[in-house]
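Q: show me the folded form of this:
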Amino acid sequence: MGVTATETTGARLPRQIPYIIGNEACERFSFYGMRNILVSFLTGSVLLAYLPLAEREGMAKEVFHSFVIGVYFFPLLGGWLSDRFFGKYNTIFWLSLLYCAGHACLAIFEHNRAGFYTGLFLIALGSGGIKPLVSAFVGDQFTQANKHLAKVVYDAFYWTINFGSFFASLLMPLLLNGFGPAVAFGVPGVLMFIATIIFRLGRDRYVNLPPSPADPDGFTNVVRTALRGGAQGSGPGTYVAIAGVALATSLLAGWALGGEAWPEKLGFVPTFCLALGAVLALGGIGTALQLERARGFHSDAAVDGVRALLRVLIVFAIVSPFWSLFDQKASTWVLQGKAMEIPHASWWWPSWLVKDATQMQALNPLLVMLLIPFNNLVLYPALAKLGFKVTALRRMGFGIAFSGLAWVFAGVLQLSIDGGDPVSLAWQIAPYALLTFGEVLVSATGLEFAYSQSPSNMKGVIMSFWMLSVTFGNVWVLLTNAGVKSAGMQAMVASSGVSETAFLMFFFAGFAFAAALLFALYARRYPMQDHYRAG
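A: Numbering: from 1, shown residues only. Coordinates of the predicted model:
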């Protein structure tokens, strides 16, 4: 039943919402504050002093992308703990304490690899674990009488994330260069501790929904029934899924045994993710082959919902290359920027503020805050008047392509740097603008698309898989960095006549263009659904 005028008149924002907003503002500043200086710190730290100088940048990138993989993998754990055992509030609070401990490790163990990496693990666990819970916890605070105010809060969430990221990207490099890593990593830790205190202060006002009982028609139960074959027993889909498990087991065994048969540069994190990918890909194919066998054991709506979700997962898989380009703005592009010249002599350059190439990352949240309203109020209406229908799938496909253009531009800049020409850091504005435009088209649209395509009882599952697409995007980076070290790839790079860095930049650009083409082909046959809740 819809909300009547009487119900909405005089509706007020829940009193507990400011505590959650305050928590989010401090938490996002803390996260982006440490994340955006991580590669810059590692390349010059004693933590990587055991490596030859030429290999330290590559290892710094590997550590960074392994960390990001963890951040977007642990939402699965956080969501499971919340839904099955502790509820959202308790899970957020206890994981936030681990989050604080992780920041403390970074500040204390700046000279100790084991201690520092433990800190990164705890931050990935804490940040990733609470990621799917905080926004859902906000929704729990609203009722039918004031649910129309929830959009105001979610808009505030979005702006808080970008606001915190903008200032963290500007200020943390200055603290790192001026006061050292203990202070630069300590300040985000203090902000995370404040975030936890703010969240705790509202504990007596929150609406705390109990953990949900297992849904007999949930996604995993339907998949399990389908793979078992229902009344018909095992079928071809069953054996495809078993093959996925066998492949995953062999990958993990190969890593554990090592030796000449296993690539030296392929560590546990990318191996584990490849194993997970094998299970998900072949398990998904197996489920699709005999999903109809689950009918009669589960409702038709549940079976149809799983089929719809499997289609969405293909979209997410094709989108994952975008994240391999996007997240390298905090690794590869930072390292490129450090080889460029900061135009302090130019009258228009804000030398009083921008003193380090790492600060260029602040362009991303600033441009996001500008591009979202520009696209919605100017660009999309103008395209509609010209007769071009701006669908969600078209936006995402063009977003992937724009990320490719950004990396072409970055590659051209790298060629100039490699040629010995002085290149102004201001030129990085162009690839940042192109990449951010692609982000707005992909990221902002992707969640809306996923929500509309999934039934109500599977929207939480969709969010987890959306975050896994970011994980696999970063896996592609690790795999590429490992593969380029092979003798065959080294010979190919040498024959190309460009540096390894420039070669990889153009490779990732081509990766994005190929993904955009594949996305366009799949989108043409995708059967759009509409699973928005009735008014």
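Q: domains in the protein, as residue ranges please.
A: Annotated domains of the chain cover 12-206, 219-297, 319-344+352-535 [automatic domain parsing].
Q: mean confidence score for the longest one?
A: To tie it back to what came earlier, the one meant is domain 319-344+352-535. On average, the pLDDT along domain 319-344+352-535 is 90.
Q: centre-most residue in this structure?
A: Val470 (4.1 Å; Cα atoms, centre = their mean).
Q: neighbours around Ala401, how many?
A: 21 (other Cβ atoms under 10 Å). Where C-beta positions appear, they are placed from N, C-alpha and C, glycine not excepted.
Q: what about the longest helix in this structure?
A: Longest helix of the chain, by residue count under DSSP state H: helix 150-179.
Q: following element in sequence after that one, please.
A: Using DSSP states H and E, the helix or strand that follows helix 150-179 towards the C-terminus is helix 181-201.
Q: list the buried ones in that next one?
A: If you call a residue buried by 16 or more other Cβ atoms under 10 Å, then helix 181-201 has these buried ones: 181, 184-189, 191-196, 198-199.
Q: counting by contacts, list what it packs against.
A: helix 17-35, helix 38-43, helix 87-108, helix 150-179 (3 or more Cβ pairs under 8 Å, 6 or more residues apart in numbering; DSSP states H and E).
Q: mind pulling up the pLDDT for Gly10?
A: 59.
Q: likewise for the one 3 residues further on?
A: Model confidence at Leu13, given as pLDDT, is 77.
Q: re the thing from before, next, the buried residues of whichever strand or helix holds the residue nearest to the centre of the chain.
A: Val470 is part of helix 459-483, with elements assigned from DSSP H and E. Residues 460-479, 481-482 are the ones in helix 459-483 that count as buried (16+ other Cβ under 10 Å).
Q: where's Gly254 relative to Phe268, distance?
A: Separation of Gly254 from Phe268 (Cβ to Cβ, to the nearest Å) stands at 11 Å.
Q: no no, Gly438
A: 31 Å.
Q: so between those two, which is more surrounded?
A: A side-by-side neighbour count of Gly438 and Phe268, using other Cβ under 10 Å, places Gly438 first with 25 against 11.
Q: I'd say the more buried one and Gly397 touch.
A: No: contact between Gly438 and Gly397 fails when scored by Cβ atoms under 8 Å: they sit 10.5 Å apart.
Q: which members of the buried residues of helix 181-201 are the farthest-apart pair?
A: Using Cβ to Cβ, the buried residues of helix 181-201 reach their maximum pairwise distance at Pro181 and Phe199, which is 27.0 Å.
Q: for Phe503, which non-adjacent residue is closest in space?
A: Nearest non-adjacent residue to Phe503, counting by Cβ to Cβ, 6 or more residues apart in numbering: Val493, 4.8 Å away.
Q: contact partners for that neighbour?
A: Val484, Ser499, Glu500, Phe503 (Cβ atoms under 8 Å, 6 or more residues apart in numbering).
Q: and Val477, by the same measure?
A: Lys61, His65, Ser324, Asp327, Gln328, Ser331.
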